[in-house]
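>>> Okay, here's the prediction I keep looking at, along with the sequence it came from:
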Amino acid sequence: MKVVKVNSRNFKEEVLCSELPVLVDFYAEWCPPCFVIANTLRELAREYEGRVKFVKVDIDESRELAEEYEVFSVPTLAFFADGELVDGVVGALPREALQRKLENFLNGGR
């Protein structure tokens, strides 16, 4: 599975109406730490295929989503379940920390 790029037009369908839990990567093209975690997110998307959906939102292209979800710094990772924002983290987490966060998310932790 790949990380799907979403925007204001398809966010509801891809994230809020998703059958799977969703990790949203709010990023910007000009953000070096965003590129640091991009490969990790692609790898984790393959590992968690069928369990978690991974999407990314360019905050410059979808400013209204960034404002709605109060994204003030990038990268910001937001965890959605059943159409609701349930958790989030700001910054480029190391792979191990992100994997722990994902496991906690999948096990109902907040």
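Yes, it's here.
>>> Which stretches in this structure count as helices?
Remark: helices assigned in the chain by DSSP state H are 11, 32-47, 63-68, 95-106.
>>> Skipping its backbone neighbours, what lies nearest the residue positioned nearest the centre of the chain in space?
The residue lying closest to the centre of the chain (CA atoms, centre = their mean) is Val24, at 1.8 Å. Spatially, and ignoring its direct neighbours in sequence, Val24 is nearest to Ala78 (4.4 Å; CB to CB, 6 or more residues apart in numbering). All C-beta spots, glycine's among them, are computed from the backbone N, C-alpha and C.
>>> Name the residues linked to the one you found by a beta bridge.
Val24, Gly88 (DSSP bridges).
>>> Is it correct that it is in contact with Phe26?
Yes - with contact defined as CB atoms under 8 Å, Ala78 counts as touching Phe26 (6.6 Å).
>>> Give me the more crowded residue out of the two.
Phe26 (25 against 22; other CB atoms under 10 Å).
>>> mind checking pLDDT for that one?
In this model, Phe26 is scored at 98, pLDDT.
>>> quick one: it and Val71 touch, right?
Yes - using CB under 8 Å, Phe26 is in contact with Val71, at 4.5 Å.
>>> which residues sit in contact with Pro21?
By CB atoms under 8 Å, 6 or more residues apart in numbering, Pro21 lies in contact with Arg51, Val52, Lys53, Phe79, Phe80, Ala81, Phe105, Leu106.
>>> how near is it to Phe72?
Distance of Pro21 to Phe72, computed by CB to CB, to the nearest Å: 24 Å.
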